[in-house]
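Q: Structure for this input, please:
(2 chains)
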There are 2 protein chains.
Amino acid sequence: MGKNILIAHGGGPTAVINGSLQGAVEAARVSGKVDRIYAARFGAEGILAGDLIDLTEVSPTVIARLGHTPASAIGSCRRKLTDGDYPTVLQTLKKFDIGAFFYNGGNDSMDTCHKVSQLAEREGLDLRVIGIPKTMDNDLTHTDHCPGFGSAARYAALSASELALDASGLPIHVVVLELMGRNAGWVTAASALAARLTRCQVLTYLPELKVDEDRMLADIERAWAKGKGLLVTVSEGLRGPDGKPLADTGIVDGFGHVIPGGTAQHISDVIMRKLNIKSRAEKPGLLGRASIPYASPVDREEAYAAGRYAVNAALRGQSGSMVSIRADRTGAYSSSMELVPLAEVANAEKTFPLEWIQDGNRIADEFFDYALPLMGGDWPEYAFLR
Amino acid sequence: MGKNILIAHGGGPTAVINGSLQGAVEAARVSGKVDRIYAARFGAEGILAGDLIDLTEVSPTVIARLGHTPASAIGSCRRKLTDGDYPTVLQTLKKFDIGAFFYNGGNDSMDTCHKVSQLAEREGLDLRVIGIPKTMDNDLTHTDHCPGFGSAARYAALSASELALDASGLPIHVVVLELMGRNAGWVTAASALAARLTRCQVLTYLPELKVDEDRMLADIERAWAKGKGLLVTVSEGLRGPDGKPLADTGIVDGFGHVIPGGTAQHISDVIMRKLNIKSRAEKPGLLGRASIPYASPVDREEAYAAGRYAVNAALRGQSGSMVSIRADRTGAYSSSMELVPLAEVANAEKTFPLEWIQDGNRIADEFFDYALPLMGGDWPEYAFLR
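A: Numbers count the residues shown, from 1 in each chain, chains lettered A, B, ... in the order given. Coordinates of the predicted model:
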C-alpha cells in the first residue's frame, strides 16, 4: 500500500465539510502511519489534472481553523467522472503513491468512490477507498443522516424564527422564505420549528408534494386574516400539479435546460396579484449551507468524527465502504460511526416521508423527534410581550 | 408629571431594538420613580387605539430575554401620524397618566417625537419626550451612528464572507448578494469586509452611485476571468443613470407605486444573458436586520445603554431630545451617550460619503476605520488551503 493519502471534495459544500477534512488530517497525523497528506485542488478537477495540495506541513493552527471555515477550503467541483476519466484518476493515484483515497460528498461522489474502488481492485492496485458522507439535502441512504444536514436545518429553523418574529411584529406583509432543496424537503421541514419557537403562524411547503396554487392561496388568505402576521416557508424546488417547477429564471443554460429559481418571489408576486395582500420574498440561498454562526455543534462534531473514522478505517485495512452514522435516540441523543458497502449507497436516494407532511403545509412531530437532536439544541427563548 | 411612562416602536425593527426596550424598562424599575411601565401595542396604532401593554409586572427573566429577541417584541407599525392624529395621541397620554414618552425609531419617528413634544408644551402638559435612535440604515444625523446599524453591518460582512468562500471554493457561478438599503449604502458597504476576511474577489455597489450596467458587466467579466470565483454585493436600491431602480416587481401597490425588488436577481440574469456566465442571486432580505447570531455585541450594548439613558434623562427632567451616541476611536473604541435637540434631528438624513467609494465598486479604508468598531470585532480566521 502506498504511504500517502488523498482527500477530495465533491459537489456543493456544507457548513461542516471542512470539519471532516480536519478530522481526516488530524487522524492521519496522530496515526504515525501516513507519509504525505494530499488534498485534490477543486475535487475531481484536481485529481484529473494531477493538481494536489500537500497538507502535510500545514500548521495545526490552520488545520484547526477548518472547524469554522465554511465552503470547501481545498476546492470542490461539480464534474461527474465518466468512464474515460478513470485511467487518468488511476495515473494520479499511482504517481503520488496514494494508499488510501477519501471522497467526501453526496450521491454522485459515492458512485465515483465505488467505481474507483472497483477499478483499483480490477487493476490489482493496493488502494483503500472510503466515502465520507456530506450533503445538506440529507438524501443519502444507509446512514441515519448526513453531515451537513443538521447545520442547514438549524439555519432554516433559526432564520425562519427570526423572520416569523419580524413578520408578526410588523405585520404589514406576508413574508415568503425560500430554502434550498430541489427534490428533498428535509431542510425546509426544519423551518417549521419557527412555529414552536415563536408562536407565530408558519405554513411550510416541501417539494415532495405537488402544489395546488389555489389551495395554497386559500390557506395563506385564511392565515393572514387572523391578523397576526404570517411566514410561508417554501422549498426552492416546489412543483405544480403538472410536475413543472412553479418558477424558473426563463434563462436557458448551455445544455438547453431552463435555469430554475425564484420560487419564493413567484409565490410572493401571486399573493400580491391575486389576494391583494402585500408580500415579500427572501432567499438566503447558499447562506443556508455556508453559515457558521448558525451551524449545529452536533453536526460539526459528527462531521469531524466521520473524517477521523474514515482515515482510521482505511488504516485498519477497510475499503469499498462509506462511513455511516448510527444514531441512538432512546435517551439523550448519541451517535457512533460504522461502515456500509459503497455498492449499496451509490445509487439510492432517501426521500422525506410523505406521512410527515400534514394538511399540505404542517410538519409532523415525528420529523422533529428525528431531526431536533441533529440540529444542536440550545434553542433561543424569545420574549413575547404583544 | 404623570407617574407612568410609555415606550413605543416606530418603523422597521432591528436585531437590537428590543435591547433598548430592555434598557428602558430596567432603568425605570431601578429608579423607583416610575409607577407603571407601558408599551404601545404596534407603535402608533396602539397609541391611537389606547391599546397599551402593561410591562410593570413582567418578570425580569422575560425582560432579560429582550436582549436576544429580534424584531419588535411589543409590535411596530409604519403608520406616520398626521396632524389630525395628535389630539388622540394626547388623549391616550392623559388617560394613562403618562409623564414620559419614549419613541424608539428612525427619521419619521423622530419627527413624530418632536411634534408630540411641541404639542405637549403648547397644551401645558407636563410630559417629557425623548427619542431613542434606531435604524439599520444608519442615516440619522447628530449621532455618530445608530443602534441597529452595527448588527446589520456585521450580518452583511459575515454573510458576504461566507458566500465569498462558497463562491470561490466551487467557482461555477458568479454569486450576487442583495442587501437592504433603498437609499443608504452603509450596510452594503460593510459587506466589502469579505474581501479582507476571505482573500476572495468582491465587488460592491452602493445606491449612492448610479450604476452604468455596461461598466458593471465589464468589471464583472474582468474579475470572473481571473478564475477564482466572484462575489458581487449590491444594495437593494441600486439605480440606473436615469435615476430609476434597476429592477422592480412590476406590481403596482394601492398608491400607484411600483413595488421595488429583485435587484440582485436582475443583475444575475443580465450576467447570464449578456456575459454567458452562470450566476445566482441571494437575497436574505429582512434576515439582515433580524439575525441574532450575527448581531454585534457592541451594537447590543449601545442599544441597551441608549434605552437606559433615555429613561434616566427624562427622570432628570430632560425633554425634546434624542439620545445620541458619541464615539471615541482614538484608542480602543469607546462610546458614551448624550442628548441632542429633536428639532435638529427631525428632518435630516446622513448619506454615505461618496469619496469612500473607489472605482465604483470598492470601499475605502476610511469606512472600515469608522464602522469596524461598531460591528463587534472577534472576526473569524478562516483556513485557506487552495
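Q: in what helix or strand does A:Arg78 lie?
A: For A:Arg78, there is no host helix or strand (DSSP states H and E).
Q: per-residue confidence at it?
A: We have a pLDDT of 92 for A:Arg78.
Q: List the contacts of the closest residue to it other than its chain neighbours.
A: Nearest residue to A:Arg78, sequence neighbours excluded (C-beta to C-beta, 6 or more residues apart in numbering or on different chains): B:Ile172, at 5.8 Å. Quick note: C-beta positions are derived from backbone N, CA and C, even for glycine. Residues in contact with B:Ile172 (C-beta atoms under 8 Å, 6 or more residues apart in numbering or on different chains) are A:Cys77, A:Arg78, B:Lys278.
Q: Compute the number of surrounding residues for the closest residue to the last one other than its chain neighbours.
A: Closest residue to B:Lys278 apart from its sequence neighbours, by C-beta to C-beta, 6+ apart: B:His173 at 4.1 Å. Using other C-beta atoms under 10 Å in any protein chain shown, the number of residues around B:His173 comes to 19.
Q: was I right about B:His173 contacting B:Ile277?
A: Yes: at 7.4 Å, B:His173 counts as touching B:Ile277 under the criterion of C-beta atoms under 8 Å.
Q: picking that back up, looking at the contacts of B:Ile172, spot the one nearest B:Asp97.
A: B:Lys278 (63.7 Å; C-beta to C-beta).
Q: Lowest mean pLDDT among the helices and strands of chain A, which one is it?
A: Ranked by mean pLDDT, DSSP states H and E, the weakest helix or strand in chain A is strand A:258-260, scoring a mean of 74.
Q: Buried residues of that strand, list them for me.
A: For strand A:258-260, a neighbour-count test (16 or more other C-beta atoms under 10 Å in any protein chain shown) marks A:Ile259 as buried.
Q: Can you pull out the low-pLDDT segments for the stretch 251-386 of chain A?
A: For the stretch 251-386 of chain A, residues meeting the criterion pLDDT under 70 lie at A:253-255.
Q: residues contacting the residue nearest to A:Ser168 when sequence neighbours are not counted?
A: Once flanking residues are discounted, A:Ser168 sits nearest to A:Gly229: 3.3 Å by C-beta to C-beta, 6+ apart. Residues in contact with A:Gly229 (C-beta under 8 Å, 6+ apart) are A:Ala164, A:Ala167, A:Ser168, A:Gly169, A:Leu170, A:Pro171, A:Cys200, A:Gln201.
Q: could you redo the last one with a cut-off of 7 Å?
A: A:Ala167, A:Ser168, A:Pro171, A:Cys200, A:Gln201 (C-beta atoms under 7 Å, 6 or more residues apart in numbering or on different chains).
Q: Most neighbours of all the residues you listed, which one?
A: Counting neighbours by other C-beta under 10 Å, the top entry in the contacts of A:Gly229 is A:Ala167, with 30 neighbours.
Q: my read is that one is in a strand, agree?
A: No: according to DSSP: H, G, I helix; E, B strand; the rest coil, A:Ala167 belongs to no strand; its state is helix.
Q: My guess is it contacts A:Val176. True?
A: No: applying C-beta atoms under 7 Å, one finds A:Ala167 not in contact with A:Val176, separated by 9.7 Å.
Q: how much space is there between the residue nearest to A:Arg78 and B:Ser279?
A: Computed as C-beta to C-beta, to the nearest Å, the B:Ile172 to B:Ser279 distance reads 10 Å.
Q: And A:Ala327, by the same measure?
A: Separation of A:Ala327 from B:Ser279 (C-beta to C-beta) stands at 38 Å.
Q: cool, A:Gly124 as well?
A: Between A:Gly124 and B:Ser279 the computed distance is 46 Å (C-beta to C-beta).
Q: who has more neighbours, those two?
A: Comparing A:Gly124 with B:Ser279 by other C-beta under 10 Å, the one with more neighbours is B:Ser279, at 25 against 7.
Q: what residues are up against the more buried one?
A: By C-beta under 7 Å, 6+ apart, the residues touching B:Ser279 are B:His173, B:Val174, B:Val176, B:Ser268, B:Ile271, B:Met272.
Q: How about it: which residues does it bridge to?
A: Beta bridges link B:Ser279 to B:Val174 when assigned by DSSP bridges.
Q: try A:Ile7
A: Partner residues in beta bridges with A:Ile7, using DSSP bridges, are A:Ala39, A:Phe102.
Q: ok, it touching A:Arg41?
A: No: between A:Ile7 and A:Arg41 there is no contact under C-beta under 7 Å: 11.3 Å.
Q: Compare neighbour counts for those two and give me the winner.
A: Ranked by neighbour count (other C-beta under 10 Å), A:Ile7 and A:Arg41 place A:Ile7 first, with 26 against 20.
Q: near chain B, which residues of the stretch 151-300 of chain A show up?
A: Proximity of the stretch 151-300 of chain A to chain B (C-beta under 7 Å from any C-beta of the partner chain) is limited to residues A:158-159, A:162-163, A:165-166, A:169-170, A:172, A:175, A:249, A:251, A:262, A:265, A:269, A:272-273, A:280, A:282-287, A:290-294.
Q: so of those, which ones are in helices?
A: When DSSP state H defines the helices, the subset of these inside them is A:Leu158, A:Ser159, A:Glu162, A:Leu163, A:Leu165, A:Asp166, A:Gly169, A:Gln265, A:Asp269, A:Leu287, A:Ala290.
Q: Need these in JSON lines (columns: neighbour count).
A: Shown next, in JSON lines, are these (neighbours: other C-beta atoms under 10 Å in any protein chain shown):
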{"residue": "A:Leu158", "neighbour count": "26"}
{"residue": "A:Ser159", "neighbour count": "28"}
{"residue": "A:Glu162", "neighbour count": "28"}
{"residue": "A:Leu163", "neighbour count": "30"}
{"residue": "A:Leu165", "neighbour count": "30"}
{"residue": "A:Asp166", "neighbour count": "29"}
{"residue": "A:Gly169", "neighbour count": "31"}
{"residue": "A:Gln265", "neighbour count": "23"}
{"residue": "A:Asp269", "neighbour count": "21"}
{"residue": "A:Leu287", "neighbour count": "25"}
{"residue": "A:Ala290", "neighbour count": "30"}
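Q: Could you tell me which residues within stretch A:183-198 count as buried?
A: A:184-195, A:197-198.
Q: Stretch A:312-330 too?
A: A:312-315, A:318-325, A:327.
Q: who touches stretch A:22-32?
A: Under C-beta under 7 Å, 6+ apart, the answer for stretch A:22-32 is A:5, A:7, A:34, A:37, A:55, A:63, A:66-67, A:102, A:304-308, A:310-312, A:315.
Q: So which of those residues are in helices?
A: A:Ile63, A:Tyr304, A:Ala305, A:Ala306, A:Gly307, A:Arg308, A:Ala310, A:Val311, A:Asn312, A:Leu315.
Q: now, which of those residues sits nearest chain B?
A: A:Ile63 (7.1 Å; C-beta to the nearest C-beta).
Q: The closest one - how many residues pack around it?
A: A:Ile63 has 20 neighbouring residues, counting by other C-beta under 10 Å.
Q: same check, this time on A:Ala225
A: By the criterion of other C-beta under 10 Å, A:Ala225 has 10 neighbours.
Q: Then A:Asp214?
A: Neighbours of A:Asp214 under the rule other C-beta under 10 Å: 9.
Q: From A:Gly243, how far off is it?
A: The spacing between A:Asp214 and A:Gly243, counted by C-beta to C-beta, is 17 Å.
Q: Phi first, then psi, for A:Ala364.
A: When read as degrees, to the nearest 10, the backbone of A:Ala364 gives phi -70, psi 160.
Q: Could you do A:Ile363 as well?
A: According to degrees, to the nearest 10, A:Ile363 has phi -110, psi 130.
Q: first vs last residue of stretch A:169-187, how far apart are they?
A: 25 Å (C-alpha to C-alpha, to the nearest Å).
Q: Could you list which of the buried residues of stretch A:183-198 belong to helices?
A: Among the buried residues of stretch A:183-198, the members falling in helices (DSSP H) are A:Trp186, A:Val187, A:Thr188, A:Ala189, A:Ala190, A:Leu193, A:Ala194, A:Ala195, A:Leu197, A:Thr198.
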